[in-house]
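Student: I'd like to go over a predicted model; first the sequence, then the structure.
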Amino acid sequence: MPARRSRYLDPRKESVQMTKRTGLSLLIVFIALAGHAQKFVLNSDWRDSTIVIDGSPADWGVPFRFFDSKSKLQYDVVNDNKYIYVSVRTNDEKAMMKIMRAGMDVWFDVSGKKKEISTVHFPLKNNSKLDTYPDPDDPEHQVVEKPDVKKMRMDWAESTKDVHVQGFKNVPERFSMLDTVKQSIEAAINWERDNTLTYELKVPFSAFYNKDVLVGADSTKTITIGIKANAMDLPLMPTNANSDMTGLASSPMTPTTNGLPNNVNNNQRPQTAMPQPSMAIPKNVADMGLPLVVTMKIKLSARP
């Protein structure tokens, strides 16, 4: 008589199957959450009161509604029926240095995609190279300059403060920040007493659409806004401070040509250049060579 099969599973096999089912369930949940994250949309606040574009956060309220921990940028977006306003704020010295020296771009894509269609370049790149100086404790070594907010503020006060734009309708490609009140786009930068930098931008919807005023149906529209503080140009420094820089020497008793014995054939002659040390980017400033980028989908607000 054949043996009857047990109705009960081997506990070890049952544990393996349960683990597989749990893993599959977690994978499905992760995929669903990832898909949801890609569709995450921020809301622009409606603003009835006037926002003065002067580089002050007074019209916004501090802290700003949104914060990007990677770039250390606070930001906010509001709109009325004629304008969209963007403000960026940071007290991170490295972020300020990228903004003020390498320049910053704020771009808009009213289709809701991620294309840099309409861009405001402000402030403009002026000197994105990090300089090196002799180490005061060891003059044979070089150190990389550190962000100096006081110097940035002084340089900004003496600069021309030009604004360059592209991709907008009926807006000149270049103008001065001091003349923005005469233009449809306004931009400004300023610092607070604690050296926190605030950037403000005002752009009319007429620069995107074929109309001056939004209507209620426009509140269903989603646009994409990008903020980019450009990267600095990093210096290269010797990885071995004790590299031999003495070069090649010849015997004073041997006739030479270009510093080499005459009995050496041209095709056998070594390089006459002095050996160079291997170079590398200093680790403590490597992050300065990366841009700071924030990209957001924004749903416009309609009048309540």
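Tutor: Alright, I've got the coordinates.
Student: spatially, what comes nearest to G112 if we skip its sequence neighbours?
Tutor: Of all residues not flanking G112 in the chain, T222 sits nearest, at 4.4 Å (C-beta to C-beta, 6 or more residues apart in numbering). For the C-beta atoms, the positions are set from N, CA and C on the backbone; glycine is no exception.
Student: ok, the one you found - contacts?
Tutor: Residues in contact with T222 (C-beta atoms under 8 Å, 6 or more residues apart in numbering) are V41, G112, K297, I298, K299, L300.
Student: the second one reaches I223, doesn't it?
Tutor: Read it as G112. Yes: contact status for G112 versus I223: in contact at 5.9 Å, counting by C-beta atoms under 8 Å.
Student: ok, those two, which is more surrounded?
Tutor: Neighbours were counted for G112 and for I223 using other C-beta atoms under 10 Å; I223 has more, 22 against 14.
Student: now do the more buried one against V203, distance only.
Tutor: Look at I223 and V203: by C-beta to C-beta, to the nearest Å, they are 11 Å apart.
Student: equivalent analysis for E186, please.
Tutor: E186 sits at a distance of 8 Å from V203 (criterion: C-beta to C-beta).
Student: and for I84?
Tutor: Counting by C-beta to C-beta, the gap between I84 and V203 amounts to 5 Å.
Student: overlap in contacts of these two?
Tutor: Counting by C-beta under 8 Å, 6+ apart, the residues touching both I84 and V203 are F108.
Student: surely N91 meets T198?
Tutor: No: the pair formed by N91 and T198 falls short of the contact definition of C-beta under 8 Å, at 10.1 Å.
Student: neighbour count winner among the two?
Tutor: Set N91 next to T198 and count neighbours by other C-beta under 10 Å: T198 wins out with 22 against 15.
Student: show me where the stretch 1-150 of the chain has strands.
Tutor: With DSSP state E, counting those that start in this stretch as the definition, the stretch 1-150 of the chain shows strands at residue ranges 42-43, 45-46, 66-68, 73-79, 83-90, 104-109, 118-121, 132-135, 138-144.
Student: looking at the ones you listed, spot the one closest to R174.
Tutor: Distances from R174 to each of these were compared by C-beta to C-beta, and the smallest falls on strand 118-121, at 9.5 Å.
Student: okay, and the common contacts of I223 and V203?
Tutor: When contacts are counted by C-beta under 8 Å, 6+ apart, the set common to I223 and V203 consists of F108.
Student: quick check: phi and psi on V52?
Tutor: Backbone geometry at V52, expressed as degrees, to the nearest 10, gives phi -90, psi 120.
Student: report pLDDT for it.
Tutor: Predicted confidence (pLDDT) at V52: the value is 94.
Student: assess the claim that it and Y85 are in contact.
Tutor: No: in this structure V52 lies outside contact range of Y85 using C-beta under 8 Å: 10.6 Å.
Student: who's more crowded, the two?
Tutor: Relative neighbour count places Y85 above the other of V52 and Y85, with 21 against 12, counting by other C-beta under 10 Å.
Student: tell me how far the more buried one lies from A187.
Tutor: Noted for Y85: a distance of 11 Å to A187, by C-beta to C-beta.
Student: again, but for N43
Tutor: Taking C-beta to C-beta, one finds N43 at 23 Å from A187.
Student: between those two, which is the more surrounded one?
Tutor: When N43 is set against A187 and neighbours are counted by other C-beta under 10 Å, the residue ahead is A187, at 25 against 13.
Student: count of neighbours near the residue nearest to M288 when sequence neighbours are not counted?
Tutor: By the measure of C-beta to C-beta, 6+ apart, the closest residue to M288 outside its immediate chain neighbours is M232, 4.4 Å from it. With neighbours defined by other C-beta under 10 Å, the count for M232 comes to 21.
Student: hmm, back to that, intersection of neighbour lists for Y85 and A187?
Tutor: Taking C-beta under 8 Å, 6+ apart as the contact criterion, the residues that touch both Y85 and A187 are E200, L201, K202.
Student: all set now, cheers.
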